[in-house]
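# When you get a sec, could you give me coordinates for this:
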Amino acid sequence: MDTKTLWDPGQNCTRRSNRNDWWLKFTMAEQTTVTSVGIFMSGDRLHDVRLYDVFKCVETVDTSSYIEDECTESLQFCNATLGQTTEQTCEGWGPREVSQYWALRITAVGPMEDPGPEPWLTEVYWYGFAGEPFAAARTAMPP
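Numbers count the residues shown, from 1 in each chain. Model (predicted):
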């Protein structure tokens with residue numbers, strides 16, 4: 001469990017047009033097909049995520065660089081409901097997205113427009129399975 005997530009390590013905001021550009025990068029244990037993402041928030045409305053998007057990254061996730069430096073364009077834009085403490089999921093980017101590296105970018109926080117405060121996510125879940133889609137079904141079939 002990561003109990004010390006740092007938003008914007010190094011406090012370098014020079015490439016950002018506003019503070020509503022928070023990101024978390026994830027390295028899975030192996031190549032993974034992600035089918036959906038679930039987030040849990042504090043439910044206080046002020047720090048709740050309103051909009052976020054999911055990225056598939058193509059190389060090692062470097063925590064000091066920006067999403068645009070190593071990840072493909074966004075696979076899906078997702079809406080979340082403020083004031084909720086239950087899981088909110090996002091899906092719909094197709095079943096064949098496989099990578100070991102993934103990112104979540106939060107683009108709107110709280111009820112107001114820019115700039116939003118830091119988001120307070122309590123949990124993030126990545127749903128899917130290891131390897132290529134349908135690989136297990138292909139190998140389980142008799143020759």
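# Moving C-terminal from the strand of greatest length in the chain, which element do we reach first?
With residue count as the measure and DSSP state E as the assignment, the chain has strand 22-41 as its longest strand. Taking DSSP states H and E as the definition, the helix or strand that follows strand 22-41 towards the C-terminus is strand 49-57.
# That following strand vs strand 22-41, what angle?
Inter-element angle recorded for strand 49-57 and strand 22-41: 120 degrees (by axes from the mean of the first three to the mean of the last three C-alpha atoms, to 10 degrees).
# strand partners of the longest strand of the chain, parallel vs antiparallel please.
strand 88-91 (antiparallel), strand 98-109 (antiparallel), strand 121-130 (antiparallel) (DSSP bridges).
# Out of these, which is the most enclosed?
For the strands paired with strand 22-41, the largest average neighbour count (mean count of other C-beta atoms under 10 Å) is found in strand 98-109, namely a mean of 21. For glycine as for every other residue, the C-beta is placed from the backbone atoms N, C-alpha and C.
# same question for that strand, mean pLDDT?
Per-residue pLDDT values across strand 98-109 average out to 87.
# what does stretch 36-52 give?
Mean pLDDT, taken over the full extent of stretch 36-52, equals 90.
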